[in-house]
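Visitor: Sequence plus the predicted model coming up.
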Amino acid sequence: MFGSSELGYRMLRKLRPRQDGSAEASMEWEYGLSYADTLRELLGDDWAVGLSERTVVDFGCGNGRGSVELSKAGAARVIGIDIRTDFLEAARARAEAAGVAARCIFTTATDIEADIVISIDAFEHFDDPAAILGLMRSILHPGGEVLLSFGPTWYHPYGGHLFSPFPWAHLIFSERALIRWRADFKHDGARRFTEVKGGLNMMTISRFERLVAESGFELASLRLVPIRALRKLHTRFTREFLTSLVQCRLVKQQVQSR
């Protein structure tokens with residue numbers, strides 16, 4: 001990593017005068033799945049069976065696209081949670097237009113007990129992912145499950161999202177240089193990766209596994225989806241650099257009786 005933020009900034013300006021979205025567009029994606037496709041990969045073709053009797057929390061719901069999909073698939077109630085009120089307003093409008101507003105709630109928090117908590121393309125953006133896992137656990141029915149799909153993780157070629165104007169740029173240049181480069185075309189005053197719109201918590205696979213182990217959850221399943229073109233090189237040694245998506249099911253740890 002370039003130690004001098006000044007040198008790094010000047011090199012970024014030379015290599016990419018401004019972000020044109022090409023990096024993120026190239027990821028938009030290799031695995032640009034709908035909620036239904038993602039849940040089919042996690043649970044199988046019968047993923048929607050039983051939804052008519054269940055309360056589902058869509059954690060990090062964004063503009064509500066996934067919440068509407070879940071409602072149309074038959075969920076009894078969908079609670080979309082997001083910290084951004086502009087997203088929540090857009091989600092309410094989307095649900096209304098789709099004719100499912102009566103079964104969808106969009107809010108910044110809930111204490112309603114859920115049968116299933118789903119989070120798609122959001123976990124790498126949570127400012128305090130350990131606290132989020134704790135919150136998910138607190139609203140989950142004892143026999144329920146959490147379904148997560150997110151990526152790319154931090155060591156992926158474009159794991160820096162906006163901060164990856166070319167592969168692994170976010171690992172080559174310092175945070176200060178990248179933030180300064182971003183400030184040339186994004187004027188929100190962010191000074192850290194975690195402060196940008198949507199946030200970026202630099203989540204790695206190993207860190208995620210450690211957070212889960214400390215959360216009171218256990219991994220019922222874990223699938224690491226490799227970068228397609230590099231699938232043959234994807235191993236337990238290269239997984240941090242060559243994984244596009246992390247997909248898993250979490251259940252509450254069972255208390256051992258004595």
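Guide: Arrived safely, thanks for sending.
Visitor: ranges for the strands of the chain?
Guide: Counting by DSSP state E, one finds strands in the chain at the ranges 55-59, 77-81, 104-107, 114-120, 140-150, 217-226, 243-252.
Visitor: Point out the most buried one among these.
Guide: The highest mean neighbour count among the strands of the chain, using mean count of other Cβ atoms under 10 Å, belongs to strand 55-59: a mean of 26. Placement of C-beta: from N, CA and C, glycine included.
Visitor: and it, what other elements does it pack with?
Guide: Judged by 3 or more Cβ pairs under 8 Å, 6 or more residues apart in numbering; DSSP states H and E, strand 55-59 is in contact with helix 65-72, strand 77-81, strand 114-120, helix 129-139.
Visitor: which one of these lies closest to Glu53?
Guide: strand 114-120 (8.0 Å; Cβ to Cβ).
Visitor: Compute the inter-axis angle for that closest one and strand 140-150.
Guide: If you take axes from the mean of the first three to the mean of the last three Cα atoms, to 10 degrees, strand 114-120 sits at 10 degrees to strand 140-150.
Visitor: what number of residues lie near Tyr158?
Guide: Look at Tyr158: counted by other Cβ atoms under 10 Å, it has 24 neighbours.
Visitor: What separation is there between the residue nearest to it when sequence neighbours are not counted and Leu135?
Guide: Leaving aside its chain neighbours, Tyr158 sits nearest to Ser164 (4.2 Å; criterion: Cβ to Cβ, 6 or more residues apart in numbering). According to Cβ to Cβ, to the nearest Å, Ser164 stands 29 Å off from Leu135.
Visitor: again, but for Met203
Guide: For Met203 relative to Leu135 (Cβ to Cβ), the value is 17 Å.
Visitor: Which of the two has more residues huddled nearby?
Guide: Set Met203 next to Leu135 and count neighbours by other Cβ under 10 Å: Met203 wins out with 22 against 18.
Visitor: Hmm, that one is touching Glu124, no?
Guide: Yes: in this structure, Met203 is within contact of Glu124 by Cβ atoms under 8 Å, at 4.4 Å.
Visitor: Quickly list what's touching both of the two.
Guide: The overlap between the contact sets of Met203 and Glu124 (Cβ atoms under 8 Å, 6 or more residues apart in numbering) consists of Phe150, Thr153, Trp154.
Visitor: What residues does the second one make contact with?
Guide: Contacts of Thr153 were listed using Cβ under 8 Å, 6+ apart, and they are Glu124, Gly159, Met203, Thr204, Ile205, Phe208, Glu240, Thr243, Val246.
Visitor: 10 Å instead?
Guide: Residues in contact with Thr153 (Cβ atoms under 10 Å, 6 or more residues apart in numbering) are 123-124, 159, 202-208, 224, 239-241, 243-246.
Visitor: How about Gly198?
Guide: Gly60, Gly62, Ile83, Arg84, Phe87, Ala122, Glu124, His125, His161, Leu162.
Visitor: any idea how far the fifth one lies from Ile81?
Guide: Looking back up the chat, that one is Phe87. Phe87 is 10 Å from Ile81, where distance means Cβ to Cβ.
Visitor: can you check the second one too?
Guide: Shown here: Gly62 relative to Ile81, a distance of 10 Å by Cβ to Cβ.
Visitor: Please name the bridge partners of the residue lying closest to Met136 once chain neighbours are set aside.
Guide: With Cβ to Cβ, 6+ apart as the criterion, Met136 has its nearest non-adjacent residue at 4.9 Å, and that residue is Val117. Beta-bridge partners for Val117, by DSSP bridges, are Val57, Val146.
Visitor: from memory Val117 sits against Phe123, does it?
Guide: No: in this structure Val117 lies outside contact range of Phe123 using Cβ atoms under 10 Å: 11.6 Å.
Visitor: quick one: common contacting residues for the two?
Guide: Phe59, Leu133, Leu148.
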